[in-house]
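Colleague: Build me a model from this:
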Amino acid sequence: MPSTDSAAQERTRAYARVIGPYVAVFTAVIAVRLPDLAGLTGDLFAQPLMVWMLGALMLAGGLTVIGGHRHWRGPLAVAVSLFGWFVALRGLALIAAPGAMEAGVQATMDSPAALAAARVFFGALALVGVLLAWGGWSPRRAAPAPGGAAR
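Modeller: Okay, here's the model as predicted:
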């Protein structure tokens, strides 16, 4: 029977296997295509129901990660937990203050410096996604046998 710590590590790896590739692909595409997405964000915020539904789904998804992953030991576990909190808080912001979110997006899209900073930020997030995917999909190292000597 696996120990509690071992079960928590396996749960972390399972979350990282899903979250890592998603974050890597999605944020890499955003980093490359961000200037082209101005029309898309304008269309999204023009439909309050879509903003509400997106916020509700993000809040639910973030709370699912928060509730299912309560392990904070190690960089992989911290990254998974922070992802859950980040998504939940963004979802809450979309349903509680959509106007502020829209203003922030518009200010970023209107400023060349902010747009460049956002592209660098999303590129860095893509690297975090790659690291999460690597941590989730890489083979586990064999644990030493009880008593100290590996067999």
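Colleague: Tell me which helix or strand residue 13 sits in.
Modeller: helix 4-33 (DSSP states H and E).
Colleague: Next secondary structure after that helix?
Modeller: helix 38-45.
Colleague: Output the contacting helices and strands for that next one.
Modeller: Applying 3 or more CB pairs under 8 Å, 6 or more residues apart in numbering; DSSP states H and E, we find helix 38-45 packed against helix 48-68, helix 98-110. Any C-beta I mention is one placed from the backbone N, CA and C, and that applies to glycine too.
Colleague: and those as TSV, adding mean neighbour count?
Modeller: Below are the helices and strands packed on helix 38-45 laid out as TSV (neighbours: other CB atoms under 10 Å):
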stretch	mean neighbour count
helix 48-68	15
helix 98-110	14
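Colleague: What sits closest to the spatially most central residue of the chain if chain neighbours are left out?
Modeller: The geometric centre of the chain, computed from its C-alpha atoms, lies nearest to residue 83 (CA atoms, centre = their mean), at 4.0 Å. For residue 83, ignoring the flanking residues on the chain, the nearest one in space by CB to CB, 6 or more residues apart in numbering is residue 19 at 5.5 Å.
Colleague: sec struct for residue 72, please.
Modeller: Following DSSP: H, G, I helix; E, B strand; the rest coil, the label given to residue 72 is coil.
Colleague: Using CSV, list the CA coordinates for the worst-scoring helix or strand of the chain on mean pLDDT.
Modeller: Lowest on mean pLDDT, DSSP states H and E among the helices and strands of the chain sits helix 38-45, with a mean of 89. Taking C-alpha atoms only, helix 38-45 is exported to CSV below (Å, rounded to 0.1, in the frame of the first residue of the first chain):
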residue,chain,number,x,y,z
ALA,A,38,-7.3,41.9,-29.9
GLY,A,39,-10.4,41.3,-32.0
LEU,A,40,-11.1,38.0,-30.2
THR,A,41,-11.0,39.6,-26.8
GLY,A,42,-13.2,42.5,-27.9
ASP,A,43,-15.7,40.0,-29.2
LEU,A,44,-15.6,38.0,-26.0
PHE,A,45,-16.2,41.0,-23.7
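Colleague: Buried residues, it. List them.
Modeller: When neighbours are counted by 16 or more other CB atoms under 10 Å, the buried residues of helix 38-45 are found to be 41, 44-45.
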